[in-house]
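Colleague: Got a sequence here, can you build the structure:
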Amino acid sequence: MAEDQQDETYSEKYIYMFMDAAGRGLPVDASTVAVTDMQMRHNAFEVEMTEAAQELLGEAPPIGDPVLVHVIEDIVKRVRSGESLKCKTTFPEAAMGILWAWHIVTRFHWEWRAVKKDWWETLAIADTENKYVILPVQFMRGVADNEEVERWPHDIIEAIENGQLPDSNAGDLLRIC
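Modeller: Numbers count the residues shown, from 1 in each chain. Predicted coordinates:
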């Protein structure tokens, strides 16, 4: 419990640095990556980011509505164009990543998880068979930061919906984004 209390005092910038390290192309030995249940600090972060995203969007489609994905992409495109959005967090695109993950959890019955490697950890979602894992904050921040986007959030949704994800076995947790 004392460890959880200490973690909650980290600044937002520290948390983002911590979460983004592996998403920035640093070499990662996957043999020591662990997917775990979410802890209190993960839940608090998810709730804060969801609230920030919903406040930023105002009146928006319900979380399970496919239109929400396009609304999220519009926000990320605005960030890409250099617009400074008023958001309760420093990184509105990260908040959009959490809301996008909620869409997948709600629509496709995926589950919230935490991914941990050594000192690095982040929120993730995984399908119920543990074939696939998505790191929504890193994915959405990558979409917002990169000049050329290989896959947009709607592309991932379509792949899940149409059963077009890469081959993976139960328990493999292949990172799809």
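Colleague: sec struct for residue 104, please.
Modeller: Under DSSP: H, G, I helix; E, B strand; the rest coil, the three-state class of residue 104 is helix.
Colleague: unless I'm mixing things up, residue 110 is touching residue 104, no?
Modeller: Yes - contact criterion Cβ atoms under 8 Å: residue 110 and residue 104 qualify, at 5.2 Å. Every residue, glycine included, has its C-beta placed from N, CA and C.
Colleague: So for the chain, the centremost residue is which one?
Modeller: residue 136 (1.7 Å; Cα atoms, centre = their mean).
Colleague: Quick check: it touching residue 100?
Modeller: Yes - assessed by Cβ under 8 Å, residue 136 is found in contact with residue 100 at 5.7 Å.
Colleague: returning to what we had before: list the residues that are in contact with both of residue 110 and residue 104.
Modeller: 125, 134 (Cβ atoms under 8 Å, 6 or more residues apart in numbering).
Colleague: about what we covered before: from residue 59, how far off is the residue nearest to the centre of the chain?
Modeller: 23 Å (Cβ to Cβ, to the nearest Å).
Colleague: Same question for residue 176.
Modeller: Counting by Cβ to Cβ - residue 176 and residue 59 are separated by 31 Å.
Colleague: what's the answer for residue 162, then?
Modeller: 30 Å.
Colleague: More neighbours: which of the two?
Modeller: residue 162 (8 against 5; other Cβ atoms under 10 Å).
Colleague: quick one: low-confidence ranges for this protein?
Modeller: The chain contains residues with pLDDT under 70 at 1-34, 36, 40, 90.
Colleague: any idea where the helices of it begin and end?
Modeller: Under the criterion DSSP state H, the chain contains helices at 2-7, 12-20, 40-57, 67-80, 92-108, 136-145, 153-161.
Colleague: right, so of those helices, which gets closest to residue 118?
Modeller: helix 12-20 (11.1 Å; Cβ to Cβ).
Colleague: one step back: in TSV, list the helices of the chain along with distance to residue 122.
Modeller: Output for the helices of the chain, formatted as TSV (distance: least, Cβ to Cβ, whole Å):
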stretch	distance to residue 122
helix 2-7	13
helix 12-20	4
helix 40-57	9
helix 67-80	18
helix 92-108	10
helix 136-145	6
helix 153-161	17
